[in-house]
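**Student:** turn this into a structure:
(one chain, ligands or ions: 2)
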Amino acid sequence: MRTAFSVETVRAAELELMARVPEGALMQRAAAGLAVVCAEVLGKVYGSRVVLLVGSGDNGGDALYAGVRLARRGAGVFAVLLSPERVHAGGLAAFRGAGGRVVGIEGAEDVLRRADLVVDGIVGIGGKGGLRESAAQLVGAVRESGVPVVAVDLPSGVDADSGEVAGEAVRADVTVTFGAYKPGLLIDPGREYAGVVRFVDIGLGGVPGGGDGSGEGAVEALQYADVASLLPLPTGESDKYRRGVVGIVAGSGRYPGAAVLCVAGALRGGAGAVRYVGHAADAVIARFPETLVSAGPPSKAGRVQAWVVGPGLGDDSERLEDVVGADVPVLIDADGLRLADEAAVRGRSAPTLLTPHAGEAAALLGVAREEVERGRLAAVRELAGRYRATVLLKGSTTLVAAAGGGGAVRVNPTGTPWLATAGSGDVLSGLAGALLAAGLGAGDAGAVGAYLHGLAARHAADGAPVGAHDVAAAIPAAWRDVRGD
Ligand SMILES: NC(=O)C1=CN([C@@H]2O[C@H](COP(=O)(O)OP(=O)(O)OC[C@H]3O[C@@H](n4cnc5c(N)ncnc54)[C@H](O)[C@@H]3O)[C@@H](O)[C@H]2O)[C@@H](O)CC1
Ligand SMILES: [K+]
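**Tutor:** Ligands and ions are numbered 1, 2, ... in the order given. Here you go, the predicted structure:
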């Protein structure tokens with residue numbers, strides 16, 4: 001599990017650790033790790049030209065001490081000081097001592113023109129609100145220069161706790177983060193600004209408390225091993241009911257394809273059987289003859305262990321209400337989200353998983369789509385609280401919040417822009433629904449489903465465009481990949 005901790009938690013852990021180590025030790029650890037990555041990016045340090053952007057806090061201090069190390073290895077290092085009167089004093093003295101040169105903000109463009117690398121130490125976890133005017137202008141000049149950027153701890157202008165970006169922010173090629181991942185490095189838009197994230201251990205351990213104690217993070221990303229341990233695998237005792245039967249209520253005369261794609265995802269999700277209820281039975285059977293189809297109300301379709309309702313459903317609110325009233329886990333997607341009654345969802349006794357994209361989430365919250373995209377973490381928590389349901393917010397970084405909205409939010413690390421294709425959400429809902437039917441909790445079903453779905457898209461695309469049916473067909477490859485077969 002890759003766990004990211006809030007600024008508050010990281011600060012508390014740092015304080016605790018600082019009391020046990022010599023003064024300045026943590027900053028030296030950070031600067032040493034930062035200098036190593038800068039050297040890697042430069043390739044050859046001797047004779048290179050490095051520009052440090054130095055803000056008024058310890059983030060700027062890290063940059064200055066890394067500059068010291070690079071200067072000692074023969075780099076020409078220039079520090080642009082944003083507020084010379086409040087710069088990290090020890091760092092500046094050491095920097096000058098190592099032959100580093102200081103320039104004012106007005107000299108920045110000149111040194112940037114001849115730079116091989118920019119080190120962004122404007123602001124780290126102490127940042128508040130959007131970048132101030134002078135910092136924002138400097139960031140604009142860096143972008144114009146096209147020089148590669150290594151960000152210190154996190155790209156300046158990205159909110160550490162949420163990944164939100166208000167106005168200008170540094171676009172880094174590499175971000176070197178210290179002690180713990182920050183949520184803003186894993187969630188878009190922040191994640192995109194961070195580039196490749198490199199972790200430097202400064203001794204914070206599992207973080208809460210700063211020792212070896214580990215605790216719940218603010219944001220967690222499942223890794224291969226976590227997913228492998230959650231995959232439902234059949235045993236010698238398995239029959240279709242033990243493996244889980246998933247019911248799909250999707251598709252309509254107008255959108256039969258949504259039903260086919262949803263069933264395709266479900267069949268590859270490990271369910272023992274897939275029941276289909278709706279108007280697209282002919283299309284489903286033609287493609288997947290193993291599907292059990294019926295045309296009546298879902299509650300009369302026979303036993304299922306979980307339902308998926310919504311993809312391409314049109315206005316069939318009768319079937320939707322029938323499913324929402326069922327006493328088994330239910331995944332609600334697409335048209336189902338539009339039709340579902342908030343109070344009815346809140347009142348369900350079995351788990352509910354909602355899977356909106358940003359536009360659908362915005363409609364449910366009554367805000368503009370851009371607001372959800374800007375503040376994905378807040379939006380997913382808000383929805384999960386309002387509906388008392390687990391919510392999977394789809395997008396470039398898919399998030400899963402537990403029912404109620406509290407606790408750690410899962411972020412999916414396998415997403416790819418190739419997934420932005422019609423019908424790929426239908427595949428995901430079938431896949432996650434099958435995992436629900438197999439017995440995974442709603443949060444695990446959502447997170448594992450998103451993980452496999454992203455990986456499947458990568459397998460299918462392999463650098464070229466794909467359709468949603470290709471993604472469904474590649475789910476077994478993703479599954480084998482995770483199991484290490
Ligand atoms: N506390 C520790 O133990 C360690 C801290 N480290 C570094 O210290 C950083 C945190 O240092 P600080 O707490 O001094 O905070 P920062 O250096 O992140 O930022 C605080 C400074 O930035 C200015 N600032 C705040 N918001 C701004 C904005 N929107 N635009 C422009 N300027 C803004 C403030 O005036 C303040 O002086 C970490 O991100 C990390 O880089 C590392 O050295 C590792 C150890
Ligand atoms: K920074």
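**Student:** could you use CA atoms for every contact and neighbour count after this?
**Tutor:** OK.
**Student:** point me to the helix or strand that includes Gly439.
**Tutor:** Here Gly439, judged by DSSP states H and E, is contained in no helix and no strand.
**Student:** tell me where the model's unsure across this protein.
**Tutor:** Low-confidence segments of the chain, defined by pLDDT under 70, are located at 209-216, 485.
**Student:** could you redo the last one with a cut-off of 90?
**Tutor:** Applying pLDDT under 90 to the chain flags the ranges 1, 128-129, 204-217, 233-243, 270-271, 295, 396, 416-422, 462-463, 484-485.
**Student:** what does the stretch 101-250 of the chain have sitting close to ligand 2?
**Tutor:** Selection of the stretch 101-250 of the chain residues close to ligand 2 by CA under 5 Å from the ion yields Asp120, Gly121, Val123, Gly124, Val152, Leu154, Pro155, Ser156.
**Student:** 8 Å instead?
**Tutor:** For the stretch 101-250 of the chain, the contact set with ligand 2 under CA under 8 Å from the ion comprises Asp120, Gly121, Ile122, Val123, Gly124, Ala151, Val152, Asp153, Leu154, Pro155, Ser156, Gly157.
**Student:** ligand 1 contacts on this protein?
**Tutor:** If contact is defined as CA under 6 Å from any ligand atom, the residues of the chain in contact with ligand 1 are 14, 26-27, 30, 55-60, 62, 123-132, 135, 152-153.
**Student:** give me every residue that touches the closest residue to Pro413 other than its chain neighbours.
**Tutor:** For Pro413, ignoring the flanking residues on the chain, the nearest one in space by CA to CA, 6 or more residues apart in numbering is Ala221 at 6.3 Å. Ala221 sits next to Met1, Arg2, Thr3, Arg410, Val411, Asn412, Pro413 when contact means CA atoms under 8 Å, 6 or more residues apart in numbering.
**Student:** TSV please, covering those residues and showing secondary structure, neighbour count and distance to Arg374.
**Tutor:** Output for the contacts of Ala221, formatted as TSV (DSSP: H, G, I helix; E, B strand; the rest coil; neighbours: other CA atoms under 10 Å; distance: CA to CA, whole Å):
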residue	secondary structure	neighbour count	distance to Arg374
Met1	coil	12	25
Arg2	strand	16	23
Thr3	strand	24	22
Arg410	strand	28	18
Val411	strand	27	16
Asn412	coil	27	17
Pro413	coil	22	18
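**Student:** tabulate those residues (TSV), appending distance to ligand 2.
**Tutor:** Putting the contacts of Ala221 into TSV (distance: CA to the ion, whole Å) gives the following:
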residue	distance to ligand 2
Met1	25
Arg2	21
Thr3	20
Arg410	25
Val411	23
Asn412	24
Pro413	23
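**Student:** so how many other residues sit close to the closest residue to Gly47 other than its chain neighbours?
**Tutor:** Closest residue to Gly47 in three dimensions, ignoring its sequence neighbours and counting by CA to CA, 6+ apart: Ala75, at 5.1 Å. If you count neighbours by other CA atoms under 10 Å, Ala75 ends up with 22.
**Student:** and Gly236, by the same measure?
**Tutor:** Residues near Gly236, counting by other CA under 10 Å: 5.
**Student:** for it, what are its contacts?
**Tutor:** Counting by CA under 8 Å, 6+ apart, there are no residues that Gly236 touches.
**Student:** phi, psi for it please.
**Tutor:** Recorded main-chain torsions at Gly236 are phi -60, psi -30, according to degrees, to the nearest 10.
**Student:** follow-up on the earlier one: the residue nearest to Gly47 and ligand 1: what is the separation?
**Tutor:** When distance is defined by CA to the nearest ligand atom, to the nearest Å, Ala75 is 22 Å away from ligand 1.
**Student:** closest to ligand 1 among the contacts of Ala221?
**Tutor:** Comparing the contacts of Ala221 against ligand 1 with CA to the nearest ligand atom places Thr3 closest, at 17.2 Å.
**Student:** over to the nearest residue to that closest one once chain neighbours are set aside: give its phi and psi.
**Tutor:** When the adjacent residues along the chain are set aside, Thr3 lies closest to Glu220, with 4.4 Å between them (CA to CA, 6+ apart). Here is the backbone geometry of Glu220 (degrees, to the nearest 10): phi -130, psi 140.
**Student:** and for Glu220, the neighbour number?
**Tutor:** Neighbourhood size, Glu220 [other CA under 10 Å]: 23.
**Student:** for Gly24, same thing?
**Tutor:** Using other CA under 10 Å: Gly24 sits among 10 other residues.
**Student:** just Arg114 next, same as before
**Tutor:** Around Arg114 there are 14 other residues, counting by other CA under 10 Å.
**Student:** pretty sure the residue nearest to Gly47 contacts Val45?
**Tutor:** Yes - checked against CA atoms under 8 Å, the pair Ala75 and Val45 is within contact range at 5.6 Å.
**Student:** which stretch of helix or strand covers Asp226?
**Tutor:** When secondary structure is defined using DSSP H and E, the element that contains Asp226 is helix 224-230.
**Student:** for the stretch 301-450 of the chain, what spans make up the strands?
**Tutor:** With DSSP state E, counting those that start in this stretch applied, the stretch 301-450 of the chain shows strands at 306-309, 330-332, 352-354, 390-393, 399-401, 409-411, listed in chain order.
**Student:** now the stretch 101-250 of the chain
**Tutor:** With DSSP E, counting those that start in this stretch as the criterion, the stretch 101-250 of the chain has strands spanning 101-103, 117-121, 149-152, 174-178, 196-200, 219-221, 245-249.
**Student:** most tightly packed of these?
**Tutor:** By mean neighbour count, with neighbours taken as mean count of other CA atoms under 10 Å, strand 245-249 ranks first of the strands of the stretch 101-250 of the chain at a mean of 31.
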